[in-house]
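[1] turn this into a structure:
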Amino acid sequence: MNQTIYYILSLIIAIGVLFGIKLLNDPKTAVKGNRTGAIFLLLAIILTMVHADIMSLIDIWIALAIGAVAGVVWASRVKMIQMPQLVSAFNGFGGAASMLVALILIFNGINSQFELYSALAAFAIGTFTFSGSMVATGKLSGKLPQKPVPFKSITSNLLVLAMIAWVIFPAFNMVEVNNILYILIGLAVSTAFGLVLTFRVGGADMPITISLLNSFSGVAGAIAGLAVNDPLLVAISGIVGASGLILTQIMCRAMNRNLGEILSGKTTTSGEKPSATTAAVKKQTPAATTKKTDLSSLLNNAKRVIIVPGYGMALAQAQAQVKQLADLLESKGVEVEFAIHPVAGRMPGHMNVLLAEVDVGYEQLKEMDEVNPLFADTDVAIIIGANDVVNSAANTATDTPIYGLPILEVDKAKHVIVCNFDDKPGYAGVDNPLYSKEEDVTLMWGDAKDSITKLISEANKSGESKETSSSDNELQVALQNAKRVIIVPGYGMALAQAQAQVKQLADSFESKGVEVEFAIHPVAGRMPGHMNVLLAEVDVGYEQLK
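    Residues are numbered from 1 along each chain as shown. Predicted coordinates for the structure are as follows:
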């Protein structure tokens, strides 16, 4: 291929990848952006194969087929709750690929000093990116201890210096780089740095760690591109590295962290005795803290409700119930919004992904700076599996991982409902003063799905202060006293796309012990089975369709 044509096509592909990343910036265009990036990366692979004249190599096509099948199978099987560890694993594979490219260069001949040092640097960075990402994946999946390992800062600093020395040592002509022992030394040092980098990170810093490793995978690829003299690889990997670094900086600002301190291991718990403030936060038992609250009146009389999702919602896979609760409240005229902390969950945007999965409107997702001023004018704040991001101890507990972390100011709401699994501290291990607050807090311990289902049931009850007409009262009595309900769907449901709301209504009845069935006429809709298809779309059980 003509070199000029190659450069022009490489530029077009790089611009296409950048355009895909730009689309990812808006939730409304994120899916399109993901597909755009994937298409242009595929074009990049094809262009590289054409330029290197390796289109006819059967080994390449076999490898591509294996990779494609593995990717499709993995992506189709992964659950939303597993998305952070999937992203972390992909970061590691990117680093491993750069490491292998560098290794091949080292053992198959280096043409210049520039190629030599580029290959050594790509090997070192790719190796610690891989080892660090594997540890992060293990922590996120629960296969490795999630508590930080208190490595001293000097350990990581010495390992960084050792890696730099390993890369530049051949400049003194005292060693052959294709010496297996020398390569093993570099492998050991780089792997050790990756392990130290991630083992010492606590839960509060995990989102930063993931985005940082993403950046390192791009840097490793770009340096490998320099080593093999491939400008397209340099450009696209550079985009990955830069976007990962930008995201890392955004996360650092959101968490009030210093990237240099994170890299040197200064942001995890110090191991000192708890401060007086932390010690003063009493551990309360569920029995001592949970008190009777008229949740029905509270929810029915609310004008604004802010829902705060956290990792507990992800664990319980309760996003569908959360959407159901939000829809129910909105049907009663309540303004419902979602407060999204930048580091809620285990990766940037974790909550956005889960809520988008159940079609929560993008305009309802409010970032921390936008939503915090609203809490003072909020009747009810509902916390679902969130702890560290709503923990006011971040303002006072100086010896803890979350000290200085900007939080969602839920305690300013008129009433707070906490739907967490138990009263134990969050991932960072810091007790939450909200649990010991005696007024205007309702604690609902247990599985988030069960807690939200109970809130839905309470919201379905009429508020005592609401004025209702006689017809409304008759309808209310009829619905509340029903033992069996049969729903008859028709083409109007299809036109209104109301099947999700119909399912919500059915679930609400069933939560009260009502027997619910659907009457399906053979010609309801515009084709045979039209109603069955629509109801199956929202997971109505086949046995309910009569």
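
[2] hmm, residue 244 is touching residue 210, no?
    No. Counting by CB atoms under 8 Å, residue 244 does not reach residue 210; the two are 9.3 Å apart. Every C-beta, even on glycine, is put in place using the N, C-alpha and C of the backbone.

[3] show me which of the two is the more surrounded one.
    residue 210 (28 against 21; other CB atoms under 10 Å).

[4] ok, now how distant is the spatially most central residue of the chain from residue 129?
    Centroid-nearest residue in the chain: residue 350, 2.2 Å away (criterion: CA atoms, centre = their mean). Noted for residue 350: a distance of 21 Å to residue 129, by CB to CB, to the nearest Å.

[5] residue 212 now?
    10 Å.

[6] the two: who's more crowded?
    Neighbours per residue, other CB under 10 Å: of residue 212 and residue 129, the larger number sits with residue 129, 32 against 28.

[7] now name the helix or strand holding the more buried one.
    Per DSSP states H and E, residue 129 falls inside helix 113-140.

[8] so how far is that helix off the chain centroid?
    24 Å (CA atoms, centre = their mean, to the nearest Å).

[9] can you check stretch 418-427 too?
    The chain centre lies 19 Å from the centre of stretch 418-427; the measure is CA atoms, centre = their mean.

[10] list the buried residues in it.
    418-420, 423, 425-427 (16 or more other CB atoms under 10 Å).

[11] who does the helix holding residue 129 touch, helix- and strand-wise?
    The contact analysis (3 or more CB pairs under 8 Å, 6 or more residues apart in numbering; DSSP states H and E) places helix 113-140 against helix 83-107, helix 153-168, helix 180-199, helix 206-227.

[12] pull out the buried residues from the second one.
    Within helix 153-168, the residues that qualify as buried by neighbour count (16+ other CB under 10 Å) are 156, 159-160, 162-163, 166-167.

[13] with those residues in mind, which one is nearest to residue 370?
    Nearest to residue 370 out of the buried residues of helix 153-168 is residue 156 (CB to CB; 36.2 Å).

[14] pLDDT score for the closest one?
    Looking at residue 156, its pLDDT is 81.

[15] look up how far residue 118 lies from it.
    Residue 156 is 24 Å from residue 118, by CB to CB.

[16] now do residue 215
    According to CB to CB, residue 215 and residue 118 sit 18 Å apart.

[17] before we move on, which element is the closest residue to residue 330 other than its chain neighbours in?
    Nearest residue to residue 330, sequence neighbours excluded (CB to CB, 6 or more residues apart in numbering): residue 336, at 5.4 Å. Assessed by DSSP H and E, residue 336 sits inside strand 335-340.

[18] in its sheet, what does that strand sit against?
    strand 304-309 (parallel), strand 365-367 (parallel) (DSSP bridges).

[19] could you dump it to CSV, C-alpha only?
    Taking C-alpha atoms only, strand 335-340 is exported to CSV below (Å, rounded to 0.1, in the frame of the first residue of the first chain):
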residue,chain,number,x,y,z
GLU,A,335,-40.8,15.0,41.3
VAL,A,336,-38.3,12.2,41.2
GLU,A,337,-34.6,12.6,40.6
PHE,A,338,-31.5,10.4,41.0
ALA,A,339,-28.3,11.6,42.7
ILE,A,340,-25.3,10.2,41.0
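
[20] just to revisit the earlier point, the residue nearest to residue 330 contacts residue 324, correct?
    No. Taking contacts as CB under 8 Å, residue 336 lies outside contact range of residue 324: 11.6 Å.

[21] returning to that earlier point: could you pull up the mean pLDDT of the helix holding residue 129?
    pLDDT averaged over helix 113-140 gives 92.

[22] list the buried residues of it.
    Buried residues in helix 113-140 (16+ other CB under 10 Å): 115-140.

[23] and what of stretch 231-251?
    Residues of stretch 231-251 classed as buried by neighbour count (16+ other CB under 10 Å): 232-245, 247-248, 251.

[24] keep only those of the residues you listed that are in helices.
    232-245, 247-248, 251 (DSSP state H).

[25] which residues touch the closest residue in space to residue 378 that isn't next to it in sequence?
    Among residues not flanking residue 378 along the chain, residue 413 sits closest, at 4.3 Å (CB to CB, 6+ apart). By CB atoms under 8 Å, 6 or more residues apart in numbering, the residues touching residue 413 are 306, 375-376, 378-381, 440.

[26] hmm, which of these is lowest in pLDDT?
    When those are compared by pLDDT, residue 440 scores lowest at 87.

[27] sketch out the low-pLDDT regions of the protein for me.
    Across the chain, the ranges flagged by pLDDT under 70 are 1, 80-81, 146, 173-175, 202-205, 254-257, 260-293, 401, 427-428, 462-473.

[28] please enumerate the strands of it.
    Assigned by DSSP state E, the strands in the chain fall at 304-309, 335-340, 365-367, 380-384, 416-419, 441-443, 484-487, 515-518.

[29] got the angle for the first one vs strand 380-384?
    Strand 304-309 and strand 380-384 are oriented at 10 degrees to each other (axes from the mean of the first three to the mean of the last three CA atoms, to 10 degrees).

[30] name the residues linked to the residue nearest to residue 330 by a beta bridge.
    Beta-bridge pairing of residue 336 under DSSP bridges involves residue 305.

[31] residues in contact with it?
    Neighbouring residues of residue 336 by CB under 8 Å, 6+ apart: 304-307, 326, 329-330, 364.

[32] go through stretch 381-390 and flag the buried ones.
    381-390.

[33] do the same with stretch 335-355
    For stretch 335-355, by 16+ other CB under 10 Å, it's 336-355.

[34] first-to-last residue distance for that stretch?
    End-to-end distance of stretch 335-355 (CA to CA, to the nearest Å): 17 Å.

[35] ok, stretch 357-377 next?
    End-to-end distance of stretch 357-377 (CA to CA): 29 Å.

[36] and that stretch, which residues are buried?
    358, 360, 364-366, 368, 371-372, 374-375.

[37] returning to what we had before: right, so of the helices and strands packed on helix 113-140, which gets closest to residue 258?
    Counting by CB to CB, residue 258 lies closest to helix 206-227 out of the helices and strands packed on helix 113-140; the figure is 10.5 Å.

[38] quick one: list the elements packing against the closest one.
    Judged by 3+ CB pairs under 8 Å, 6+ apart, helix 206-227 is in contact with helix 83-107, helix 113-140, helix 180-199, helix 231-255, helix 259-263.
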